[in-house]
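Asks: Here is my input; please provide its structure:
(chains A and B, ligands or ions: 2)
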Amino acid sequence: MILAEQIIELTTTRHNPHVDPFMAMWEWQIPVYLFLGGMVAGMMIISGYFIFSNRYKVADCSCFSIPFTALVLISIGMFALFLDLAHKPYVWRLYTTFQVKSPMSWGAWILLLIYPALIANILMKPSPWMLRFIPRLSDISVKINQHPFLIKNIGVLNMLLGLMLGAYTGVLLSSMGSRPLWNTSLLWVLFLTSGLSTAAAYVHLIAKNKEESELLAKADNGFIVIELFIFVMMFLGLLSSARPHIEAAELLLTGAYAPAFWVFVIGLGLVIPLIIQLLAVNHKIKHTPIAPIMVIIGGLILRFIIVEAGQYSHWFNAHLK
Amino acid sequence: MPRYGMVIDTKKCVGCQDCVVACKTENNIPEGYNRDWIVTEVKGKFPTVQMEIRTERCNHCSNTPCVSCCPTGASHIHEFGGIVLVDHEMCIGCKACVEACPYDARYIHPDGYADKCTFCIHRVEKGQNPACVEVCPTHCMYFGDLDDPNSEVSKLLQSRKWHVNLPDAGTEPNIFYLI
Ligand code: SF4
Ligand code: SF4
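Replies: Ligands and ions are numbered 1, 2, ... in the order given. So this is what the prediction gives:
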């Protein structure tokens, strides 16, 4: 490090695995989990909104297929999280306590609540293959559908838990003052918006209802614009903060992670799909699955870059004045 | 209730690593892992350069991000002197505390739990010094109660200039370096 033409050189004899020469404790499992968590959060918000706003009455509403996919995705995410644990036999310890100051403890409990909310959503209209396995589900479904008030609440519950899940994936990282890149209170907004954007892209891809697909493409364009705006705000915040935060922002803007960030996250993950989708919703070109797929992959790469670069970003010892 | 801390005289530390070896032996630290280590810091503009050698470890901070982030309560502040510890049987190895420590003082033990300096609590409870303090050939390390104004550590902090590591990180470390 060079400060005002003075050199500060630190040499350490420590060489702990995955800690030195720089932090690399969290590997692929965490970004995969954060990505899936964010996308499922977005799916729950969209599906919950469809239910809440009575769209579910349209026969081919995707709010009946989203929750099952979300259930599978969040389970894969939780499995990735489990794979990351170094002391696996003790995983049950998560559920013998609630640590109010620990975002991870909040997350563990939120994840548990998500299952009943998604299952309630599925039970509103189980797929034919589910009914083949468990015919009794149709009775439950009939009962649920007799109570519009209950249905509205299932929608609200899904939106609320989706919001909590999406926000928590960001707070998990941003609560760590030790890693300057993560230490911005905008991170949860970024992850939530990215989650909504990838979920909208997914629903746009799979929606059977033309109008719904179009609606989601428009919504995704909105989310992408907001996400780009959040990036600007986040970098402005970091760049006007302390030296470690400035260096953390530079890691993404001009440093080691810049090529991946600009090409895969901003370019291929946001700007190009935005242009394609803007042309599509304005009927200049036909809708193509390429744009939403790019958005989804961009969301995954975003989590990888934020987790890796964030671990790399650090405080330096500036005590010698 | 005491609040334990360490005072390390950087004017006396020569970086011999005796403290590192003592810790590894006392606490049976696996090969390739360190609970304490030596940092050499060179600063200045040639030919006017300054060098500081210091032994580092978990700072047993008063404001502990490693404890707040722990989802199981495995990371905790022990009632005995405010020493920051990990309960191995409660740790799930989620690594959150390793990430949360701005000093990178923690690591994941090959057996799966988070591990770090314990101030040799098993010795301190018996009235002995931590192993590193005990073996230092230059006697550059002092261990004691920071809340007791008459303790050796408190007196040193009153009479000498000192610094802590990464004060800007806000963790309020309890290891002080005399300069
Ligand atoms: S040095 Fe790190 S591990 Fe030790 S108490 Fe402080 S924050 Fe926690
Ligand atoms: S690794 Fe263990 S001690 Fe550290 S935060 Fe996770 S459960 Fe707590």
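Asks: Looks to me like B:Thr40 is in a helix.
Replies: No: counting by DSSP: H, G, I helix; E, B strand; the rest coil, B:Thr40 is not part of a helix but strand.
Asks: Pairing partners for it in the sheet, please.
Replies: A:Thr11, B:Ile53 (DSSP bridges).
Asks: can you give me the helices in chain A?
Replies: Residue ranges of the helices in chain A, as given by DSSP state H, are A:29-52, A:66-84, A:103-124, A:128-133, A:137-145, A:148-174, A:187-206, A:210-239, A:243-253, A:258-260, A:272-281, A:290-312.
Asks: what sits up against the second one?
Replies: When contacts are defined by C-beta atoms under 8 Å, 6 or more residues apart in numbering or on different chains, helix A:66-84 is touched by residues A:26-30, A:32-33, A:35-37, A:39-40, A:43-44, A:46-47, A:88, A:91, A:111, A:114-115, A:118-119, A:121-122, A:127, A:158, A:202-203, A:206, B:94-95. To be clear about C-beta, it is placed using only N, CA and C from the backbone, and glycine gets the same treatment.
Asks: Now, of those residues, which are buried?
Replies: Neighbour-count burial (16 or more other C-beta atoms under 10 Å in any protein chain shown) is assigned, among the contacts of helix A:66-84, to A:26, A:29-30, A:32-33, A:35-37, A:39-40, A:43-44, A:46-47, A:91, A:111, A:114, A:118, A:121-122, A:158, A:202-203, B:94-95.
Asks: filter those residues down to the ones close to ligand 2.
Replies: With C-beta under 6 Å from any ligand atom as the criterion, the buried ones among the contacts of helix A:66-84 include B:94-95 near ligand 2.
Asks: What pLDDT does the model give residue 142?
Replies: Going with chain A. Looking at A:Val142, its pLDDT stands at 95.
Asks: not quite, I wanted chain B
Replies: 98.
Asks: what about stretch A:13-25 and chain B, touching?
Replies: Yes: judged by C-beta under 8 Å from any C-beta of the partner chain, stretch A:13-25 and chain B are in contact via A:13-20, A:23, A:25.
Asks: List the contacts of A:Leu216.
Replies: By C-beta under 8 Å, 6+ apart, A:Leu216 lies in contact with A:46, A:200-201, A:203-204, A:207.
Asks: Next to chain B, which bits of the stretch 101-250 of chain A? Give me the list.
Replies: So far as C-beta under 8 Å from any C-beta goes, the stretch 101-250 of chain A lies against chain B at A:101-105, A:107-108, A:175-179, A:242.
Asks: try 6 Å this time
Replies: Within reach of chain B by C-beta under 6 Å from any C-beta of the partner chain, the stretch 101-250 of chain A has these residues: A:101-102, A:104-105, A:108, A:176-178.
Asks: Emit the ChimeraX select command for whichever of those are buried.
Replies: Selection of buried members from those for ChimeraX, criterion 16+ other C-beta under 10 Å:
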select /A:102,104,105,108,176,177,178
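Asks: between the residues of the stretch 101-250 of chain A next to chain B, which is closest to B:Gln17?
Replies: A:Ser178 (26.1 Å; C-beta to C-beta).
Asks: Near the residue in the stretch 1-150 of chain A positioned nearest to chain B, how many other residues are there?
Replies: Residue of the stretch 1-150 of chain A nearest chain B, by C-beta to the nearest C-beta: A:Ala86 (2.9 Å). Number of residues near A:Ala86 (other C-beta atoms under 10 Å in any protein chain shown) recorded here: 19.
Asks: how much space between it and A:Ala120?
Replies: For A:Ala86, the distance to A:Ala120 equals 35 Å [C-beta to C-beta, to the nearest Å].
Asks: got the CA positions of stretch A:58-72 in CSV?
Replies: C-alpha atoms of stretch A:58-72 as CSV (Å, rounded to 0.1, in the frame of the first residue of the first chain):
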residue,chain,number,x,y,z
VAL,A,58,-57.8,-16.5,-14.8
ALA,A,59,-57.5,-20.3,-15.5
ASP,A,60,-53.9,-20.4,-16.8
CYS,A,61,-52.5,-17.9,-14.3
SER,A,62,-48.9,-18.8,-13.6
CYS,A,63,-49.5,-18.3,-9.8
PHE,A,64,-50.4,-22.0,-9.8
SER,A,65,-47.2,-23.3,-11.3
ILE,A,66,-44.7,-20.8,-9.7
PRO,A,67,-45.0,-22.1,-6.1
PHE,A,68,-44.0,-25.7,-7.0
THR,A,69,-40.9,-24.5,-9.0
ALA,A,70,-40.1,-22.1,-6.1
LEU,A,71,-40.4,-25.0,-3.6
VAL,A,72,-37.9,-27.1,-5.7
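Asks: What residues sit buried inside that stretch?
Replies: A:61-71.
Asks: low-scoring pLDDT stretches of the chain, where are they?
Replies: Chain wasn't specified; assuming chain A. In the predicted model, chain A carries pLDDT under 70 at residues A:1-4, A:317-321.
Asks: Please refer instead to chain B.
Replies: Checking chain B against pLDDT under 70 turns up nothing.
Asks: which parts of it sit against ligand 2?
Replies: So chain B meets ligand 2 at B:69-72, B:74-75, B:86, B:91-97, B:114 (C-beta under 6 Å from any ligand atom).
Asks: which of these are close to chain A?
Replies: B:69-72, B:91-96.
Asks: Could you dump the residues you listed into TSV and include distance to A:Leu165?
Replies: Formatted as TSV, those follow (distance: C-beta to C-beta, whole Å):
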residue	distance to A:Leu165
B:Cys69	18
B:Cys70	21
B:Pro71	16
B:Thr72	20
B:Cys91	25
B:Ile92	20
B:Gly93	23
B:Cys94	18
B:Lys95	21
B:Ala96	18
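Asks: Same list, those, but as a markdown table with secondary structure please.
Replies: A markdown table is the format used below for these (three-state DSSP):
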| residue | secondary structure |
| --- | --- |
| B:Cys69 | coil |
| B:Cys70 | coil |
| B:Pro71 | coil |
| B:Thr72 | coil |
| B:Cys91 | coil |
| B:Ile92 | coil |
| B:Gly93 | coil |
| B:Cys94 | coil |
| B:Lys95 | coil |
| B:Ala96 | helix |
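Asks: Spatially, which two of those residues are the most separated?
Replies: Longest span within these, C-beta to C-beta: B:Cys69 and B:Gly93, 13.7 Å.
Asks: ok, the spatially most central residue of chain A - contacts?
Replies: Nearest to the geometric centre of chain A sits A:Gly38, at 2.1 Å (C-alpha atoms, centre = their mean). When contacts are counted by C-beta atoms under 6 Å, 6 or more residues apart in numbering or on different chains, A:Gly38 is found next to A:166, A:169, A:191, A:194-195.
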